[in-house]
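In: Build the 3D model from these lines:
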Amino acid sequence: MNHKVHNQIVNFIWGIADDVLRDLYVRGKYRDVILPMTVIRRLDAVLEPTKQAVLEMKTKLDAAGITNQDPALRKAAGQAFYNTSPYTLRDLKARGNRQQLEADFRAYLDGFSPNVQEILDNFEFRNQIPRLAKADALGTLIEKFLDPTINLSPYPVPGSDGTVRLPGLDNHAMGTIFEELVRRFNEENNEEAGEHWTPRDAVRLMARLIFEPIADQIESATYLLYDGACGTGGMLTVAEETLLQLAKERGKQVSVHLFGQEINAETYAICKADLLIKGEGEAADNIVGGPEHSTLSNDAFPGRTFDFMLSNPPYGKSWKSDLERLGGKTGIKDQRFVVQHRGEELSLITRTSDGQLMFLVNMLSKMKHDTPLGSRIAEVHNGSSLFTGDAGQGESNIRRWIIENDWLEAIVALPLNMFYNTGIATYIWVLTNRKPERRKGKVQLIDATEWFKPLRKNLGKKNCELSLEDIRRICDAFLAFEETAQSKVFPNEAFGYWKITVERPLRLRTEITPDALAAFKRTADERLHVAAEQLIGCASGPAQMDFNLVREQFGAALKRSEVKLKPSELNQIFAAFTKRDEAAEPVNKKRTRDRVEYEPDPELRDTEQVPLLEPGGIEAFFDREVRPHAPDAWIDQEATKIGYEISFTRYFYKPQKLRSLDDIRTDIVSLEKEAEGLLSEIIGGGQ
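Out: Numbering: from 1, shown residues only. As a prediction, this is how the structure comes out:
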């Protein structure tokens with residue numbers, strides 16, 4: 001499409017907001033009217049040639065008593081949508097009476113097909129009509145969108161001499177205009193833009209990362225694309241364009257079907273409208289959304305699998321309400337989030353304060369395992385997905401599940417300030433269940449934080465972008481799969497560790513003093529006093545005795561007496577008359593013929609992380625790092641857990657160059673001279 005015409009139309013529609021809505025809405029709310037009206041005008045223009053055919057078909061279907069009219073009406077319209085009202089926008093333009101215009105406009109909206117009704121409902125556009133009508137702005141708004149100097153129709157407008165006065169807008173061009181309007185509105189409201197709008201440069205990189213490695217394997221076939229947090233649909237459409245381009249370059253004819261889910265009502269409406277505007281009616285029908293359609297608790301595509309998936313899920317956002325709908329942390333049965341892995345059940349449930357990794361798990365559950373290409377995934381995350389969560393916790397379990405299944409191909413660290421509403425570090429995870437041979441068992445980390453082009457003007461917090469050259473450089477580093485300053489390759493095990501629990505024995509001595517006895521009698525009931533006297537009798541003699549011996553004698557005495565104690569009461573008595581003593585003998589927990597098992601001391605309990613690649617494993621680490629400092633320590637084997645974390649800082653650490661001694665000496669001399677001068681001024685000033 002002619003770039004000049006494109007800008008002219010975008011600027012014209014943008015200007016309508018200032019012309020008509022300035023005194024009715026604050027700028028941040030212009031989009032509530034302009035976006036749905038742009039959609040309505042485009043659909044109206046597309047339907048004009050078949051309007052009469054639709055009305056005639058509607059009359060026939062009603063007369064025949066047919067209730068499921070949608071397929072026949074779509075066919076009559078020649079589109080994936082239709083309008084059965086007797087009006088077009090041009091008919092409404094002539095309405096002089098304000099009340100009649102409002103009534104007829106509502107009837108006109110009610111005539112649209114169900115898929116358009118869903119868009120209007122999620123835009124909540126009907127809520128705007130009373131305000132527009134009351135201010136007598138509805139007619140002006142319609143008239144502006146029918147201005148003869150612009151053409152939102154796919155059909156060219158002829159001039160008086162028979163030549164084309166205004167070219168028609170094909171679906172792609174109209175979609176581009178609509179996306180440009182969405183982008184501008186998002187930039188106007190840049191605080192919320194990043195929630196639903198991923199910058200195009202980041203999306204282009206993600207699309208390249210999932211398609212380029214398998215570009216030469218693309219066949220003339222049908223491919224399914226999915227985004228579980230699809231926002232306005234930009235990722236899906238850019239991915240579709242990229243796949244079609246790569247296929248065309250290789251002489252392949254591919255069919256692409258888009259699927260997405262989005263919880264935000266307005267954003268969902270934008271996505272569905274954009275696809276409908278572009279003539280992708282089937283794709284629009286495959287976008288599911290609205291407040292009741294949370295991807296985590298209400299999967300719209302259970303059992304579906306997809307060839308390619310990409311997403312920018314919300315991060316740092318609570319998913320507590322989803323967890324409750326799923327049955328609570330201990331009641332989740334959803335097989336997406338509780339999996340069998342290497343003979344054990346792994347919970348992939350993260351902290352409720354941040355559900356971003358849950359979206360990745362959802363996509364992994366939708367991988368194809370029975371096709372040559374399998375599935376490829378690209379997803380944006382912030383840094384917490386790399387390391388948050390201890391061994392055995394949800395986040396760590398997710399990383400373990402992914403890496404031990406050898407699905408993680410690469411992680412790309414993006415420049416700071418890449419997104420509209422956050423300046424924090426962000427990363428693109430690239431995954432597949434069909435790694436090429438040279439990548440098997442390995443993960444590539446790419447530091448692209450220095451590859452960017454500064455923006456001349458900040459867009460919210462976004463102050464830089466990936467140029468086409470930057471995207472090419474990142475993709476080349478990814479495809480080369482070589483060790484460089486910006487690219488590191490590691491075996492999968494490099495990110496894993498055993499978390500071991502190191503125990504030391506509890507060492508107690510029995511200490512019976514008048515003060516301890518008096519304190520016990522003040523707090524314990526009479527029945528325990530009797531038992532305490534028996535303990536004192538067993539410990540008669542020196543005030544300090546071996547705890548194991550006293551406990552054994554006391555136990556025997558209790559069996560002979562009539563006093564029956566609960567375990568908690570027994571512990572209460574021992575607590576009153578025992579103290580920790582590093583010089584005492586360890587407290588026996590269990591004694592067998594071969595060895596003595598000691599009671600662990602919770603206060604001395606410690607944990608250690610042992611790398612999975614530790615030479616000699618856990619025992620070698622323990623012998624080297626623990627036993628020399630604590631000869632009586634041991635490992636609680638049942639408490640050992642496996643964890644995974646990824647530290648970009650460690651792998652790409654760039655130490656600051658140390659200053660030379662000459663530079664330091666020069667600075668010191670300079671400071672000394674400065675100090676002497678100040679001292680002279682102070683002393684001189686006091687004389």
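In: what's the distance between Thr449 and Arg439?
Out: Distance from Thr449 to Arg439, counting by CB to CB, to the nearest Å: 23 Å. (Each C-beta comes from the backbone N, C-alpha and C, glycine too.)
In: wait, Val626
Out: Applying CB to CB to Val626 and Arg439 gives a distance of 37 Å.
In: swap in Arg98?
Out: Taking CB to CB, one finds Arg98 at 67 Å from Arg439.
In: Strands of the stretch 151-300 of the chain, start to end?
Out: Taking DSSP state E, counting those that start in this stretch as the test, the strands found in the stretch 151-300 of the chain are 157-158, 164-166, 222-227, 255-262, 287-289.
In: Would you mind saying which of those strands lies nearest Ala494?
Out: strand 222-227 (30.6 Å; CB to CB).
In: In CSV, list the C-alpha atoms belonging to the closest one.
Out: The C-alpha coordinates for strand 222-227 follow below in CSV (Å, rounded to 0.1, in the frame of the first residue of the first chain):
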residue,chain,number,x,y,z
THR,A,222,-1.1,-26.5,7.2
TYR,A,223,0.5,-25.1,10.3
LEU,A,224,-1.2,-24.1,13.5
LEU,A,225,0.0,-21.0,15.5
TYR,A,226,-1.0,-20.3,19.1
ASP,A,227,-0.6,-17.6,21.7
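In: Off-centre distance for that strand?
Out: Offset of strand 222-227 from its chain centre (CA atoms, centre = their mean, to the nearest Å): 19 Å.
In: Name every strand pairing with that strand and say which way it goes.
Out: Applying DSSP bridges to the sheet, strand 222-227 is found paired with strand 255-262 (parallel), strand 308-311 (parallel).
In: Output the ones you listed in TSV; the columns should cover mean neighbour count and distance to Leu120.
Out: TSV is the format used below for those (neighbours: other CB atoms under 10 Å; distance: least, CB to CB, whole Å):
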stretch	mean neighbour count	distance to Leu120
strand 255-262	22	16
strand 308-311	27	27
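In: Now render those strands as JSON lines, adding distance to Ile398 and mean pLDDT.
Out: Compiled in JSON lines, these are given as follows (distance: least, CB to CB, whole Å; pLDDT from 0 to 100):
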{"stretch": "strand 255-262", "distance to Ile398": "20", "mean pLDDT": "95"}
{"stretch": "strand 308-311", "distance to Ile398": "15", "mean pLDDT": "97"}
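In: Of those strands, which is nearest Thr198?
Out: Nearest to Thr198, of all the strands paired with strand 222-227, is strand 308-311, at 9.1 Å by CB to CB.
In: So what touches the helix or strand that that closest one is followed by?
Out: Heading C-terminal from strand 308-311, the first helix or strand you meet, by DSSP states H and E, is helix 320-326. Contact partners of helix 320-326, identified using CB atoms under 8 Å, 6 or more residues apart in numbering, comprise 294, 296-298, 329, 332, 334, 337, 349, 352, 355.
In: And for stretch 589-601?
Out: 503-507, 580, 586-588, 632, 636.
In: what comes up buried for that stretch?
Out: Neighbour-count burial for stretch 589-601, with 16 or more other CB atoms under 10 Å as criterion, is recorded at 598-601.
In: Next step: these restricted to helices.
Out: Among the buried residues of stretch 589-601, DSSP state H puts none in helices.
In: Name the SS class of Val443, please.
Out: Following DSSP: H, G, I helix; E, B strand; the rest coil, we place Val443 in the strand state.
In: Contact partners for it?
Out: So Val443 contacts 403, 408-411, 489-492, 494-495 (CB under 8 Å, 6+ apart).
In: Show me just the buried residues among these.
Out: Counted by 16+ other CB under 10 Å, the contacts of Val443 give 403, 408-411, 489, 492, 494-495 as buried.
In: Run through this structure and note the low-pLDDT ranges.
Out: In the predicted model, the chain carries pLDDT under 70 at residues 1-2, 94-96, 189-197, 420-421, 459-460, 539-545, 592-593, 677-681, 683-687.
In: Now do the contacts for Val54.
Out: Applying CB under 8 Å, 6+ apart, the residues near Val54 are 47, 73, 76-77, 82-84.
In: Quickly find the element holding it.
Out: Here Val54 is assigned to helix 51-63, by DSSP H and E.
In: Starting from that helix, tell me the next helix or strand along the chain.
Out: helix 70-77.
In: the inter-axis angle of that next one versus helix 51-63?
Out: If you take axes from the mean of the first three to the mean of the last three CA atoms, to 10 degrees, helix 70-77 sits at 150 degrees to helix 51-63.
In: what sits up against helix 70-77?
Out: Contacts for helix 70-77 (CB under 8 Å, 6+ apart): 47, 50, 53-54, 56-58, 61, 66, 80-82, 84, 113-114, 281.
In: Mind doing that once more with 10 Å?
Out: 46-47, 49-58, 60-61, 64, 66, 69, 79-84, 113-115, 281 (CB atoms under 10 Å, 6 or more residues apart in numbering).
In: Kind regards, and thank you for your time.
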